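Chemist: sequence unknown, structure follows:
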């Protein structure tokens, strides 16, 4: 069931908003409306739904209206037209008291430049939402401490924001948003002000947290790499309109129009990168020396669910899975040949990521990269996605 | 051209103002008279009580206040002790107490009126557009001019002095409060709203704490302006150090004039440093 339903939501800045809205409904463009009425279209009839527990990324370049859109969702900016339903209640039409109740209990926001209160300690910052609700001191500091622990800030409670690094400050921002246990988390370019390494850590941590929390998150970003990394679904915005909504794969493979395609092109390394760039050194078992016991032991050491089998001159023979190796060991089978799977996906060193992406999609095991029948490396799913997203996991020394 | 300008009859502006002041004096005498008597009594009593306290106790108290407020540094307390002993030594202690009382009450009233006015101004552009030119007028009009209606309303003595000082010294705290609140970053205001803060919660939990430094700078300005005004107010009979300066001026007697002037300087420095230090992070 969708938690948030946005229907025909528009924001027009300027004086003649009625006139501009009429022109908008007639299908005039943003530029034409600016020329005719002097009004700027911030958000143009946005319609989408966000499911419970998903990370919904709204992405676009600066000026595309994404920050306006997220502020329409909690009405920090008053919509010109349209509805925002949260669990069936129409936020766009409700009175001040009801709106405050929703903001206090159901939605929290994380800001680009953190928006921490410098005169409050980390704990007091995290308590802010609870304090606004009028919750007792004792209970709110308990809840705030729990949420500080959650974001990894145990022990920083009595520091002031200025004493913390950017990444840690944004953790405080996140803790503050989580402290009142909202159903929906609005994150406005939450990681954009952080340097790239910290940003990646924070993305990973958000994903980790999300496994525990299962919040509905609306995440605004201008960075496609970030969108691809964390989004369950992505909405692409241009000139105030949503041009495409879809999963990361759908957006990459099936851009809805030229704009999306041009956007994606920059990131689309799938056409230039090959298997050689992203393969890893494989864990292998030599079929002439070892049996299921060794195979099983090696899989356990490395935390793998399957392992490739080669012969003495590194020719690829097949793979065995952990289940099969276990069964073979229990049954006292000593020869790997009996449990060998030979229908593994294989590619050449020069196969493009684009092709690998299609192969790996429904393969239960990593893709084997071979050269003249010899195993050179393996490609795991994560490496393909990472390479598509931001080139991470690409081997700088692939030529060796 | 000259002919043309000369042909415009003189506008009786001064008469109108006289009429206006007279009208206000008569119409609001039900308000002015009790204020004159009641508030005058409060001022007199306060100053008298202060004068009864042995100077040494006040000097020690001032030194302690200066010590703790300046973050336990000793420069300011030492200056306060030496300065105050000097004033006592010159036989100006009672005058100092009167001036101090006037400054205290005048700036207190200015701050009590000024901060809410500044808040109103920051919240409403209409209020800002109305209040701003009034403040400009209040500040640019030569300070002496306020003494005249002050006398009309409240007679002579301390009360008109406080009134004139209120008019002259209130603008900075209003302006700085307005500025301080308007300068609070949009994101912080948005953050408080996004968490469901009411208007009052936003003001007291976010805007005023954020604007505190700016507002305190305004308070400092206001206090300093009240001091300069209560000195001028000696011209309408307000007692204190200013009266010593004035009488020395009338007798063209440089010595006593400078001595009383030094007393004002010492008081000004102590008040300035103390109010500035209120603003520092400890």
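Modeler: Received it, and whenever you're ready, just let me know what you need. Since this is a predicted model, take the numbers as computed values, not measurements. Numbering: from 1, shown residues only, chains lettered A, B, ... in the order given.
Chemist: For chain A, what's its nearest residue on the stretch 101-250 of chain B.
Modeler: Using C-beta to the nearest C-beta, residue B:196 is the residue of the stretch 101-250 of chain B that sits closest to chain A, at 3.5 Å. Backbone N, C-alpha and C define where each C-beta goes, glycine included.
Chemist: Confirm that that residue sits in a strand.
Modeler: No - under the criterion used here (DSSP: H, G, I helix; E, B strand; the rest coil), residue B:196 is coil, not part of a strand.
Chemist: Next up, the contacts around it.
Modeler: Residue B:196 is in contact with A:99-105, A:129, A:132-133, counting by C-beta atoms under 8 Å, 6 or more residues apart in numbering or on different chains.
Chemist: So which of those wins on neighbours?
Modeler: Neighbour counts for these were taken using other C-beta atoms under 10 Å in any protein chain shown; the highest belongs to residue A:129, which has 31 neighbours.
Chemist: List the contacts of that residue.
Modeler: When the contact criterion is C-beta under 8 Å, 6+ apart, the partners of residue A:129 are A:104, A:108, A:176-177, A:179-180, B:195-196.
Chemist: what do you get for residue B:203?
Modeler: residue B:119.
Chemist: any idea how far residue A:17 is from it?
Modeler: With distances taken as C-beta to C-beta, to the nearest Å, residue B:203 is found 29 Å from residue A:17.
Chemist: what does residue B:51 give?
Modeler: When distance is defined by C-beta to C-beta, residue B:51 is 67 Å away from residue A:17.
Chemist: Over to residue B:210?
Modeler: Computed with C-beta to C-beta, the distance linking residue B:210 and residue A:17 is 32 Å.
Chemist: same deal with residue A:333?
Modeler: Remark: distance between residue A:333 and residue A:17 (C-beta to C-beta) = 77 Å.
Chemist: same deal with residue B:81?
Modeler: If you measure residue B:81 against residue A:17 using C-beta to C-beta, the figure is 67 Å.
Chemist: Those two - which one has more neighbours?
Modeler: Ranked by neighbour count (other C-beta under 10 Å), residue B:81 and residue A:17 place residue A:17 first, with 18 against 15.
Chemist: Please determine how far the closest residue to that one other than its chain neighbours is located from residue A:6.
Modeler: Spatially, and ignoring its direct neighbours in sequence, residue A:17 is nearest to residue A:80 (5.3 Å; C-beta to C-beta, 6 or more residues apart in numbering or on different chains). In this structure, residue A:80 lies at 14 Å from residue A:6, with C-beta to C-beta as the measure.
Chemist: What count of nearby residues applies to residue A:370?
Modeler: Residue neighbour count, defined by other C-beta under 10 Å, stands at 19 for residue A:370.
Chemist: Wait, a strand at residue B:239?
Modeler: No - residue assignment for residue B:239, taken from three-state DSSP, gives coil, which places it outside any strand.
Chemist: That one touches residue B:95, doesn't it?
Modeler: Yes - contact status for residue B:239 versus residue B:95: in contact at 7.0 Å, counting by C-beta atoms under 8 Å.
Chemist: related to what we said a few turns ago, surely the residue nearest to residue A:17 touches residue A:12?
Modeler: Yes - assessed by C-beta under 8 Å, residue A:80 is found in contact with residue A:12 at 4.7 Å.
Chemist: between those two, what contacts are shared?
Modeler: Contact criterion C-beta under 8 Å, 6+ apart; residues bridging residue A:80 and residue A:12 by contacting each: residue A:21.
Chemist: Same drill for these two, tell me which one is more crowded.
Modeler: Here residue A:80 and residue A:12 are compared on neighbour count by other C-beta under 10 Å; more neighbours surround residue A:12, at 26 against 22.
Chemist: can you pull the contacts of the closest residue to chain B within the stretch 201-350 of chain A?
Modeler: Using C-beta to the nearest C-beta, the single residue of the stretch 201-350 of chain A nearest to chain B is residue A:218, 12.8 Å away. For residue A:218, the set of contacting residues under the criterion of C-beta under 8 Å, 6+ apart consists of A:4, A:50, A:56, A:58, A:70, A:73, A:184-187.
Chemist: Likewise for residue A:157?
Modeler: Taking C-beta under 8 Å, 6+ apart as the criterion, residue A:157 is in contact with A:121-123, A:145, A:148.
Chemist: And residue A:64, by the same measure?
Modeler: A:237-240.
Chemist: Reformat those as CSV; add distance to chain B.
Modeler: Shown next, in CSV, are these (distance: C-beta to the nearest C-beta, whole Å):
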residue, distance to chain B
A:237, 20
A:238, 25
A:239, 24
A:240, 20
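Chemist: Any chance of TSV for those, columns neighbour count, pLDDT and secondary structure?
Modeler: Below are those laid out as TSV (neighbours: other C-beta atoms under 10 Å in any protein chain shown; pLDDT from 0 to 100; DSSP: H, G, I helix; E, B strand; the rest coil):
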residue	neighbour count	pLDDT	secondary structure
A:237	25	90	strand
A:238	20	87	strand
A:239	18	86	coil
A:240	24	89	coil
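Chemist: Where does pLDDT dip in the chain?
Modeler: Unless you meant another one, I'm taking chain A. Low-confidence regions of chain A, defined by pLDDT under 70, span residues A:263-273, A:389-400.
Chemist: other chain: chain B
Modeler: By pLDDT under 70, the low-scoring segments of chain B are B:1-2, B:281-282.
Chemist: What are the boundaries of the helices in it?
Modeler: Secondary structure of chain B, counting by DSSP state H: helices at B:2-7, B:13-27, B:29-52, B:55-69, B:75-89, B:93-123, B:125-140, B:147-154, B:158-182, B:186-194, B:199-202, B:208-232, B:241-250, B:254-278.
Chemist: Pick the most deeply packed of those helices.
Modeler: Most buried of these, by mean neighbour count (mean count of other C-beta atoms under 10 Å in any protein chain shown): helix B:158-182, with a mean of 26.
Chemist: Tell me what angle that helix forms with helix B:208-232.
Modeler: 150 degrees (axes from the mean of the first three to the mean of the last three C-alpha atoms, to 10 degrees).
Chemist: what about helix B:158-182, distance to the chain center?
Modeler: 6 Å (C-alpha atoms, centre = their mean, to the nearest Å).
Chemist: now that helix and helix B:186-194, what's the angle there?
Modeler: Computed by the same axes, to 10 degrees, the angle between helix B:158-182 and helix B:186-194 is 90 degrees.
Chemist: From the centroid of the chain, which residue is nearest?
Modeler: Chain wasn't specified; assuming chain A. By C-alpha atoms, centre = their mean, the mean C-alpha position of chain A lies nearest to residue A:230, the distance being 0.6 Å.
Chemist: looking at chain B here, not the other one
Modeler: Centroid-nearest residue in chain B: residue B:226, 2.9 Å away (criterion: C-alpha atoms, centre = their mean).
Chemist: what does chain B have sitting close to chain A?
Modeler: Remark: the part of chain B in contact with chain A comprises B:185, B:187-188, B:190-198, B:201, B:205-206, B:209-210, B:212, using C-beta under 8 Å from any C-beta of the partner chain.
Chemist: Show me the domain layout of chain A.
Modeler: Domain assignment for chain A, taken from automatic domain parsing, gives A:2-106+A:182-267, A:275-390.
Chemist: Relative to residue B:27, which of the ones you listed is closest?
Modeler: Between residue B:27 and the domains of chain A, the shortest gap by C-beta to C-beta is with domain A:2-106+A:182-267, which sits at 41.6 Å.
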